[in-house]
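A.B. asks: the sequence isn't on hand, but the structure is:
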């Protein structure tokens, strides 16, 4: 069943196929570069515990500081805090500061030898910026990256291992946990893989989405009045949310932890199911909020569990980087909004190449208009008084002609700035 803009969308896809092909040739293997980037602690070699004589142990690992895509390494010197704690009790066993030096691609971690924890307990290794944009929660040594700062996304995102040693295997799993402090909430804890799958990683725009949602739920998003009004409705009103291309699920899980009576359905390809299930299991939803996952292939038949029922908010983060998949993405949005014409679509994107502009043209062809627009700045690694600034763009879209709230006259078209 075609929606009000689906015919135009199909026509636009045919007329722009040659244009997209030209852009694939131009941009294949490269992207726009900038000195404003976020860097993530990643384990190149998972932490390992080694036993020595005289009842002592040591811990080793190999890390890097790289971007969300893993296409560049931090080119500045930075001090890193290395902390080894006992699993569950968070008792600190070892703590030291090491330096990541500009030009490096990897950095070895070595702790010990030291006496093992009692009762055959496992340990957890955490690494983050020393004295950086972190905060400590009410629980001791639960250091978390601060997403409350007005400056936006922290420059270095810390990483924590799975438990290892003791009753657990000597080698940690190939996963890394991200911990973020949320306003008046337990730490947001999300696992991602340390391998090469971009589907099971956290991307920069997802962090910007979490910041935007946190501001809106707290009434601190003046640039996003439609989103803020939707999220600040009385808690007695349930909020039905679908996230497309959820990946690890960080955005939808964060909203479920921030907002009571929120039903969040995470969707993505089957390959993310295992990591998403792990993150749902470790989540701490707000009162009467629930989180679920359903497989959704944008190019296959849409499951009824996703398309049926009322939807208030659709979440999308960093899903516009591939111009070939954008028509399928917009087609899914078109179908979902047919049954929920007043739904708000929240899109966060980081411009990686100019071909992403096709997303705005396709949204306009599908009769979506811009309700709100905001930006979340990325930290700069460039010295000087006036370093270049790059922003994550955040948009709230709605179907033109929606019955609640409407569209501003000057924002009827979903144009790319």
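C.D. replies: Received it, and whenever you're ready, just let me know what you need. Treat the numbers as computed from the prediction; the structure is a model and nothing was measured. Numbering: from 1, shown residues only.

A.B. asks: so residue 252 touches residue 266, yeah?
C.D. replies: Yes - counting by Cβ atoms under 8 Å, residue 266 is a contact partner of residue 252 at 4.9 Å. Any C-beta I mention is one placed from the backbone N, CA and C, and that applies to glycine too.

A.B. asks: neighbour count for those two, which is higher?
C.D. replies: residue 252 (33 against 30; other Cβ atoms under 10 Å).

A.B. asks: list the residues that contact both of residue 252 and residue 266?
C.D. replies: 243, 246, 291 (Cβ atoms under 8 Å, 6 or more residues apart in numbering).

A.B. asks: of the residues you listed, which is the nearest to residue 127?
C.D. replies: residue 246 (26.2 Å; Cβ to Cβ).

A.B. asks: domain-wise, how is the chain divided?
C.D. replies: 6-30+200-411, 40-181 (automatic domain parsing).

A.B. asks: just checking, next helix/strand downstream of the helix or strand bottoming out on mean pLDDT in the chain?
C.D. replies: Across the helices and strands of the chain, mean pLDDT, DSSP states H and E gives its lowest value to helix 6-27, namely a mean of 38. With elements assigned by DSSP states H and E, the helix or strand that comes after helix 6-27 is strand 39-52.

A.B. asks: what are the buried residues along that following strand?
C.D. replies: Residues 39-43, 45-49 are the ones in strand 39-52 that count as buried (16 or more other Cβ atoms under 10 Å).

A.B. asks: what is the very next helix or strand once past that strand packed up against?
C.D. replies: Beyond strand 39-52 on the C-terminal side, the first helix or strand identified by DSSP H and E is strand 56-66. Counting contacts by 3 or more Cβ pairs under 8 Å, 6 or more residues apart in numbering; DSSP states H and E, strand 56-66 packs against strand 39-52, strand 107-114, strand 123-129.

A.B. asks: distance between strand 56-66 and the chain's centre?
C.D. replies: How far strand 56-66 lies from its chain's middle: 25 Å, per Cα atoms, centre = their mean, to the nearest Å.

A.B. asks: buried sites along it?
C.D. replies: The neighbour-count check on strand 56-66 (16+ other Cβ under 10 Å) flags 57, 59-61, 63-66 as buried.

A.B. asks: can I get these in CSV with pLDDT and distance to residue 116?
C.D. replies: Below are the buried residues of strand 56-66 laid out as CSV (pLDDT from 0 to 100; distance: Cβ to Cβ, whole Å):
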residue, pLDDT, distance to residue 116
57, 94, 5
59, 97, 10
60, 97, 15
61, 97, 17
63, 96, 23
64, 95, 28
65, 95, 29
66, 93, 32
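
A.B. asks: going along the chain, name the helices of this protein.
C.D. replies: Using DSSP state H, the helices of the chain run over 6-27, 204-217, 225-231, 250-258, 273-282, 304-307, 326-339, 358-365.

A.B. asks: looking at those helices, which has the lowest confidence?
C.D. replies: Ranked by mean pLDDT, the helices of the chain end with helix 6-27 in last place, scoring a mean of 38.

A.B. asks: related to what we said a few turns ago, quick check: which of the domains of the chain is buried the most?
C.D. replies: domain 6-30+200-411 (a mean of 19; mean count of other Cβ atoms under 10 Å).

A.B. asks: so which of the domains of the chain is nearest residue 188?
C.D. replies: domain 40-181 (4.4 Å).

A.B. asks: any regions of the protein where pLDDT drops low?
C.D. replies: 1-36, 132-142, 148-152, 195-197, 234-236, 380-389, 403-417 (pLDDT under 70).

A.B. asks: minimum distance to residue 80: which of the helices of the chain has it?
C.D. replies: For the helices of the chain, the distance to residue 80 is smallest for helix 204-217, at 19.4 Å, taking Cβ to Cβ.

A.B. asks: now that closest one, how far from the centre of its chain.
C.D. replies: The answer for helix 204-217 is 9 Å, by Cα atoms, centre = their mean.

A.B. asks: repeat for stretch 284-302
C.D. replies: Centre to centre, stretch against its chain (Cα atoms, centre = their mean), the figure for stretch 284-302 is 16 Å.
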